[in-house]
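Asker: 3D model of this:
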Amino acid sequence: MAVALLSGCAGYHLGPSNGQVAGSRSVQVRPFANQTLQPQLGDALTAALRKSMQQDGTYRLATHDDGDVIVTGSITHYDRADITYNPNDILTVLDYRVTATVHVIVRERSTGRTILERDVNGYTLVRPGADLTSAERQAMPLLADDIAQKVTGLLVDGMW
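Answerer: Below you'll find the predicted structure:
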């Protein structure tokens, strides 16, 4: 019985999933440009990505111009779509789905080679209550966290 339990976990290991030693390489996250009309979304995304990289621990976060890899990008799209309506009043929206698209570019500092360039989509749900603007502002960190986790996953699982 013990052998069966121990052999079931044989494929799992601690640390990075791409074969690198944890913290052996560093990543610099530069501020994301915001090409949308949603204010401060670029700052929220940059902070969320830095936090996500630190929490993951696979790569060291470089705070100055000394990272092995440089992450840049721009927020290219922001949208809010109706999801659910009040059953007694079909004109009153109860929930919105807020989505954003970010174009992410990851380059090696030493060679300038592009490691990753792609669009990453993220979303969160918003229940506006009496003030839609405030509800969207409060949901912005959740949207930024969703995108940051996806970008971190792409970096951590990539072989470079």
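Asker: just the helices in the protein please.
Answerer: 2-7, 41-56, 132-157 (DSSP state H).
Asker: so which elements touch the longest strand belonging to the chain?
Answerer: In the chain, assigned by DSSP state E, the strand with the most residues is strand 89-108. With contacts taken as 3 or more Cβ pairs under 8 Å, 6 or more residues apart in numbering; DSSP states H and E, strand 89-108 sits against strand 69-86, strand 114-126, helix 132-157. From N, CA and C alone the C-beta is placed, and that goes for glycine too.
Asker: residue 57: how many residues sit nearby?
Answerer: 13 (other Cβ atoms under 10 Å).
Asker: would you mind measuring from it to residue 47?
Answerer: Distance of residue 57 to residue 47, given as Cβ to Cβ, to the nearest Å: 18 Å.
Asker: any idea of the mean pLDDT for the longest strand of the chain?
Answerer: Averaged over strand 89-108, pLDDT sits at 95.
Asker: buried residues of that strand, list them for me.
Answerer: Across strand 89-108, burial judged by 16 or more other Cβ atoms under 10 Å covers 93, 96, 98, 99, 100, 101, 102, 103, 104, 106, 107.
Asker: direction included, what does that strand pair against?
Answerer: strand 69-86 (antiparallel), strand 114-126 (antiparallel) (DSSP bridges).
Asker: let's have these in TSV, adding mean pLDDT.
Answerer: Formatted as TSV, the strands paired with strand 89-108 follow (pLDDT from 0 to 100):
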stretch	mean pLDDT
strand 69-86	96
strand 114-126	97
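Asker: ok so, going back, got JSON lines for the buried residues of strand 89-108, with distance to residue 25 too?
Answerer: Output for the buried residues of strand 89-108, formatted as JSON lines (distance: Cβ to Cβ, whole Å):
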{"residue": "93", "distance to residue 25": "45"}
{"residue": "96", "distance to residue 25": "39"}
{"residue": "98", "distance to residue 25": "33"}
{"residue": "99", "distance to residue 25": "31"}
{"residue": "100", "distance to residue 25": "28"}
{"residue": "101", "distance to residue 25": "27"}
{"residue": "102", "distance to residue 25": "22"}
{"residue": "103", "distance to residue 25": "23"}
{"residue": "104", "distance to residue 25": "17"}
{"residue": "106", "distance to residue 25": "12"}
{"residue": "107", "distance to residue 25": "13"}
